[in-house]
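Visitor: Quick one: sequence plus predicted model below, questions after.
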Amino acid sequence: MKKYTLKRLFTSLFTLLAILLVLFILMQLMPGSPFNDEKLNDDQRAALYAKYGLDQPVLVQFFRYVGNMLRGDYGVSYNISKNTPISQLIQTRLPTSIYIGGAAVALGALMGLILGLIAALKHDTVWDTLATVISVIGVSVPSYVFALALSYALGFRLQWFPMLYNTQLATQSSVLPSIALSMFTMASIARFTRTEMLEVLDSDYMLLAESKGISGPALIFRHALRNALIPIITVLAPLIVDLMTGSLVVEKIFAIPGVGSLLVNAIQSNDYNVVISLSFIYSAMYIAIMLVVDILYGIIDPRIRLAKEGD
Amino acid sequence: MAKKQPVLAAAQTAYVPADADFVLKNVDGALMLDTNFASQSFWKDVLVRFFRKKSSVLGLALIIIITLMSIVGPGMNAYTYDGQQLTQKNLAPRVQGLENYGIFDGSETMHTTSGNKTVNNYVEKDLTDVYYWFGSDNFGRDIWTRTWSGARVSLIIAAAAALIDMVIGMSYGLISGYFGGRVDMVMQRFLEIMNGIPRLVIVTLLLLVLEPGMLTIIFALMLTEWVGMSRIARAEMLKLKEQEFVLASRTLGAGKFFIIFREVLPNIIGPIITQVMFSIPTAIFTEAFLSFVGLGIPVPRCSLGSLISEGFNAFTTHPYQIIPPVIAMALLMFSFNLVADGLREALDPKMKEM
């Protein structure tokens, strides 16, 4: 286990470094110089370059850049809110995004489990077909289409929930975006739960448990669902990542002051510094989620751990 | 030999069956039930299984209809996708014939805080001969034409991305799996790093550096979509490369690449086709997403994503502007998913469905 964890940790760190390298190269490729005031003469320009360490070899600059990024010093925003440190921008916006994203994951996972369970337990009935249809629709319709529909129907016409995010009414405002974001997670989890449950219900140990007289909820939740849950955890990681992508557009639609809408605004107003910092944060979060899930999976299912160590 | 002779003789002399011992059973009725099956090729079998499933037939029909409409749709009326009529902007859908039945008659209901108001701008502006089947947008462009030319762009991007992704991802996986050892190690570590970077970040950064446009989007998709495909190709290669037919081919002197692409590839084409079909909705979605964010096809050209993005700006006042592209895209992704599901079951009925 230790060896496997260390190996995964090493790969993750290396990936993070690779991303930083790509971002650094991109920064170098960006057109223009940071000091393009025509009044500057060559001496002044050289002094400025020296002050910001831009006269040093590229390698030194790179390692300084890595240090800054890891410490959370991302520089300042140029266009969105002039000269505000990006770390400050992110600090105020990240909690909102995490709150809505977390709600969406929880809601999607719960609803997906219920839907999948119903489909598997009532296999080949109307309920099964209904659950399958819902999950196919959930997988194929992008989250922002749901967002638009919800925003129009429940926000604009019926006025049950605020159409745009309102910081005073944070809880009510988060309902529609969370539902819109959770659809894809729900549909995918439902499909996986159904498949895994069907397989587990068909297994010999379920027959044994049943013949020993266990029945009802104990049979389904303690014996079947626990075994079916293991593979479902693995799909949760990519789903969270898809959710991060979806959150960009959904945050834009509901005007949520989160990191997703910040990134969209930064792209639209060519604020490269913000785009690159947010890319780094998204990548770091992604890598962290993948790492945690992989290690968790190894702890939960010893077969995986052993197989991977044997590699 | 001499010893066996008496035994044989004894057996023969023991009992000689007479003709009367055998009576023909009347099995004419039973024989009728026996049906002969023509030998069926794998692909014919796949087709039969595919068309037996209603959902996959529905998906295929939808894809064909949308593809046909994206080819002929823009030419069905006199409007062009970029022709602007600033005097005829924001007109609601109006269709010849249907207008007499109270639907698609060009009237729209405005929902405001002071109450609902129904107006018909065609009547008010005296445009009795003008018909916009899906309405017109904020610049007086025909949404019907734009929806179908947008669908065309989305389909082209999806097809190109799927094709290139198949070539790159498949070759990468096959080569990595076949050679194994150090080659595999290096290729897999590279893949892990590529997989560790969120797709969103790669695409966004790429579009910041390159000019937005169809080629850039295809290039970005190509860079990000191949990972899943290469994993599948590698896993299949690892299963097949130890089999006898590969050994036989090698013994006959076949080269490495001949074995990879001519011997193994035809045997794993099933899972690869399925994976391609599943990557198409992802490609369509990514394009729509990029357009929504503002990194898509530059104006005045349009894709489904950019139409949704434009419609979004006015979707509370003129909801009809956003409905056609949204429905077209949702149907497109839905039907590709259905077809992919059907193909997976048809190509590999034993495989666990997901």
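Guide: Thanks, I have the structure now. Numbering: from 1, shown residues only, chains lettered A, B, ... in the order given.

Visitor: can you pull the contacts of the residue lying closest to B:Met76 once chain neighbours are set aside?
Guide: Excluding its sequence neighbours, the residue lying closest to B:Met76 (CB to CB, 6 or more residues apart in numbering or on different chains) is B:Trp144, at 7.5 Å. For glycine as for every other residue, the C-beta is placed from the backbone atoms N, C-alpha and C. Counting by CB atoms under 8 Å, 6 or more residues apart in numbering or on different chains, B:Trp144 makes contact with B:73, B:76-77, B:79, B:132-134, B:324.

Visitor: And the pLDDT for A:Leu110?
Guide: Looking at A:Leu110, its pLDDT stands at 90.

Visitor: ah, wrong one, I meant B:Val27
Guide: 68.

Visitor: Dump the contacts of B:Trp144 into TSV; add neighbour count as well.
Guide: Output for those, formatted as TSV (neighbours: other CB atoms under 10 Å in any protein chain shown):
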residue	neighbour count
B:Gly73	20
B:Met76	12
B:Asn77	13
B:Tyr79	21
B:Tyr132	27
B:Trp133	21
B:Phe134	22
B:Pro324	24
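
Visitor: Looking at those, spot the one nearest A:Ser211.
Guide: Distance to A:Ser211, by CB to CB, is smallest for B:Pro324 among the contacts of B:Trp144, at 57.6 Å.

Visitor: So that closest one sits against B:Phe134, correct?
Guide: Yes. Using CB atoms under 8 Å, B:Pro324 is in contact with B:Phe134, at 4.7 Å.

Visitor: Can you check which residues contact both of the two?
Guide: Common neighbours of B:Pro324 and B:Phe134 (criterion: CB under 8 Å, 6+ apart): B:143-144, B:147.

Visitor: State the helix or strand in which the residue nearest to B:Met76 lies.
Guide: Assigned by DSSP states H and E, B:Trp144 belongs to helix B:143-179.

Visitor: tally of neighbours for the single nearest residue of chain A relative to chain B?
Guide: Nearest residue of chain A to chain B: A:Thr15, at 3.5 Å (CB to the nearest CB). Counted by other CB atoms under 10 Å in any protein chain shown, the residues lying close to A:Thr15 total 23.

Visitor: A:Ala284 is in contact with that one, correct?
Guide: No. At 9.8 Å, A:Thr15 does not count as touching A:Ala284 under the criterion of CB under 8 Å.

Visitor: For the stretch 151-300 of chain A, what lies in contact range of chain B?
Guide: Applying CB under 8 Å from any CB of the partner chain, we find that the stretch 151-300 of chain A lies next to chain B at A:152, A:156-157, A:163, A:191-192, A:195, A:199, A:241, A:244-245, A:248-249, A:252-253, A:263-264, A:267-268, A:272, A:275-276, A:279, A:282-283, A:286-287, A:290.

Visitor: if we can go back for a sec, can you put the shared contacts of B:Pro324 and B:Phe134 in a markdown table and add distance to A:Leu181 and pLDDT?
Guide: Below are the shared contacts of B:Pro324 and B:Phe134 laid out as a markdown table (distance: CB to CB, whole Å; pLDDT from 0 to 100):
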| residue | distance to A:Leu181 | pLDDT |
| --- | --- | --- |
| B:Ile143 | 28 | 77 |
| B:Trp144 | 32 | 81 |
| B:Thr147 | 26 | 83 |
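
Visitor: circling back to that earlier point, then the residue of chain A closest to chain B would be within a helix, right?
Guide: Yes. Assigned with DSSP: H, G, I helix; E, B strand; the rest coil, A:Thr15 falls within a helix.

Visitor: Now do the contacts for it.
Guide: By CB under 8 Å, 6+ apart, the contact list for A:Thr15 reads A:283, A:287, B:192-193, B:196-197.

Visitor: number of nearby residues for residue 211?
Guide: Here I'm looking at chain A. A:Ser211 sits with 8 neighbouring residues when counted by other CB under 10 Å.

Visitor: that's the other chain; I wanted chain B
Guide: B:Glu211 has 8 neighbours, counted by other CB under 10 Å.

Visitor: what does B:Val16 give?
Guide: Neighbour tally, B:Val16, other CB under 10 Å: 7.

Visitor: Got the phi and psi for it?
Guide: Note on B:Val16: its backbone torsions stand at phi -110, psi 110 [degrees, to the nearest 10].

Visitor: Give me the distance between whichever residue of chain B sits closest to chain A and A:Val22.
Guide: Nearest residue of chain B to chain A, counting by CB to the nearest CB: B:Gly196, 3.5 Å away. B:Gly196 sits 11 Å away from A:Val22, going by CB to CB, to the nearest Å.

Visitor: now do B:Arg344
Guide: 35 Å.

Visitor: Between those two, point out the one with more neighbours.
Guide: B:Arg344 (21 against 18).

Visitor: Was I right to think B:Val326 contacts A:Phe146?
Guide: No. Using CB under 8 Å, B:Val326 is not in contact with A:Phe146; the gap is 10.3 Å.

Visitor: follow-up on the earlier one: flag every buried residue along the helix holding B:Trp144.
Guide: With burial defined by 16 or more other CB atoms under 10 Å in any protein chain shown, the residues of helix B:143-179 counted as buried are B:143-155, B:157-158, B:160-162, B:164-166, B:168-178.

Visitor: Over to stretch B:40-50?
Guide: So for stretch B:40-50, counting by 16+ other CB under 10 Å, buried means B:46, B:49-50.

Visitor: Then stretch B:311-321?
Guide: The neighbour-count check on stretch B:311-321 (16+ other CB under 10 Å) flags B:311-312, B:315-316, B:318-321 as buried.

Visitor: So which of those residues would count as near chain A as well?
Guide: Among the buried residues of stretch B:311-321, the ones lying near chain A by CB under 8 Å from any CB are B:312, B:315-316, B:319.

Visitor: In helices, which of those residues appear?
Guide: Among those, the members found in helices (DSSP state H) are B:Phe312.

Visitor: Export the ones next to chain A among the buried residues of stretch B:311-321 as TSV, with columns for pLDDT.
Guide: Converted to TSV, these look like this (pLDDT from 0 to 100):
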residue	pLDDT
B:Phe312	79
B:Phe315	74
B:Thr316	71
B:Pro319	76
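
Visitor: want to throw the ones next to chain A among the buried residues of stretch B:311-321 into TSV with distance to B:Leu205?
Guide: As requested, those are exported to TSV (distance: CB to CB, whole Å):
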residue	distance to B:Leu205
B:Phe312	25
B:Phe315	30
B:Thr316	34
B:Pro319	35
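
Visitor: where does chain A have low pLDDT?
Guide: A:1, A:30-38, A:52-53, A:79, A:301-311 (pLDDT under 70).

Visitor: Identify the single longest helix in it, thanks.
Guide: As assigned by DSSP H, the longest helix anywhere in chain A is helix A:86-121.

Visitor: Drop anything exposed from the residues of the stretch 151-300 of chain A next to chain B.
Guide: Here, 16+ other CB under 10 Å leaves A:152, A:163, A:191-192, A:195, A:241, A:244-245, A:248-249, A:252-253, A:263-264, A:267, A:272, A:275-276, A:279, A:282-283, A:286-287, A:290 buried among these.
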